[in-house]
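S.K.: Need the 3D shape of this:
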Amino acid sequence: MRFFVVDAFTDQAFAGNSAGVVLLDEPADPTWMQAVAAEMKHAETAFVVTNSDGPKSLRWFTPAVEVALCGHATVAVTHVLGGEQTYTTKSGELRARADGDWVELDFPSDPPTPTDDDLSEILPGVEIEYVGRGVENLFAVLPDAETVKKLEPDLAKLKTTWTGRLLVTAKGDDYVSRFFAPGVGIDEDPVTGSAHCILSPYWSEKLQKKELTGHQISARGGVVRTRQDGDRVHLAGQAVTIVSGELHV
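M.R.: As a prediction, the model looks like this:
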């Protein structure tokens with residue numbers, strides 16, 4: 001089986017978010033896929049069945065669990081396969097297109113719903129302007145980009161909440177963000193494509209702009225371009241292949 005490591009949402013090696021990509025001839029056992037993902041230790045490893053002219057089955061695993069949606073690993077898969085692709089996933093049918101140095105994804109929009117979740121113990125001493133929920137993530141808006149950059153959440157307390165996943169954001173040139181997910185085995189995700197399905201509708205409404213550029217200001221950092229289109233979000237990012245080889249088990 002062909003295997004790749006791709007840095008997504010970046011045009012530089014060793015930046016953005018790394019993903020494993022495994023090309024399958026037929027569907028694989030989920031226990032085996034989880035073991036491969038745990039061995040590779042990337043935020044997500046994507047498994048795609050390539051022997052079909054129609055939509056390709058695509059699944060994503062962190063080192064600990066399977067997830068329903070992953071943007072950066074989908075960028076990585078499409079970067080490897082090239083051209084226009086349609087995937088069948090746990091989040092429905094997804095479309096992607098590799099065009100030059102960029103990959104564009106067509107994902108479902110996930111506008112946040114306001115909630116009364118108390119994040120004061122997770123973000124001690126931090127002013128929080130808004131708290132909401134997406135389909136799987138807690139969502140918090142902070143006063144400014146510097147607050148987001150310096151943030152040190154209590155990950156142990158975050159892990160015990162709802163899904164153990166928190167997206168924080170503030171206004172930047174358009175917006176900045178960081179994403180913490182100890183509940184699925186990832187203390188901080190370097191760049192999170194699916195998170196921008198929440199960020200895009202929120203900031204598009206706030207800024208009255210359909211096209212935005214989001215900067216995820218983790219240590220590795222990355223850039224995601226978004227275009228809000230009704231109940232869909234078009235996410236675009238670049239990618240760099242770091243490793244290619246074969247799995248022998």
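
S.K.: Contacts only, for Lys217.
M.R.: Wrong residue type there; residue 217 is Ile, not Lys. Taking C-beta atoms under 8 Å, 6 or more residues apart in numbering, we find Ile217 in contact with 145, 148-149, 176-178. Where you see a C-beta, it was placed from the backbone N, CA and C, and this is true even at glycine.

S.K.: Is it possible to get a markdown table of those that adds neighbour count?
M.R.: Below are these laid out as a markdown table (neighbours: other C-beta atoms under 10 Å):
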| residue | neighbour count |
| --- | --- |
| Ala145 | 18 |
| Val148 | 24 |
| Lys149 | 14 |
| Val176 | 22 |
| Ser177 | 27 |
| Arg178 | 24 |
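
S.K.: for these, which one is nearest Gly164?
M.R.: Ranked by distance to Gly164 (C-beta to C-beta), the contacts of Ile217 are led by Arg178 at 15.1 Å.

S.K.: Please give the element, helix or strand, for the closest one.
M.R.: strand 175-181 (DSSP states H and E).

S.K.: Pairing partners for that strand, with directions?
M.R.: strand 166-171 (antiparallel), strand 186-189 (antiparallel), strand 211-216 (parallel) (DSSP bridges).

S.K.: Point out the most buried one among these.
M.R.: strand 166-171 (a mean of 24; mean count of other C-beta atoms under 10 Å).

S.K.: which residues sit against it?
M.R.: With C-beta under 8 Å, 6+ apart, strand 166-171 has contacts from 119, 122-123, 134, 137-145, 147-148, 151, 153, 158, 175-181, 192, 195, 198-199, 202-203, 206-207.

S.K.: circling back: now the strand holding Arg178: how far from the chain's centre is it?
M.R.: Its chain's average C-alpha position is 10 Å from that of strand 175-181, according to C-alpha atoms, centre = their mean, to the nearest Å.

S.K.: what's in contact with that strand?
M.R.: 62, 137, 145, 148-149, 151, 153, 155, 158, 164-170, 186-189, 192, 195-196, 199, 203, 207, 212, 214-218.
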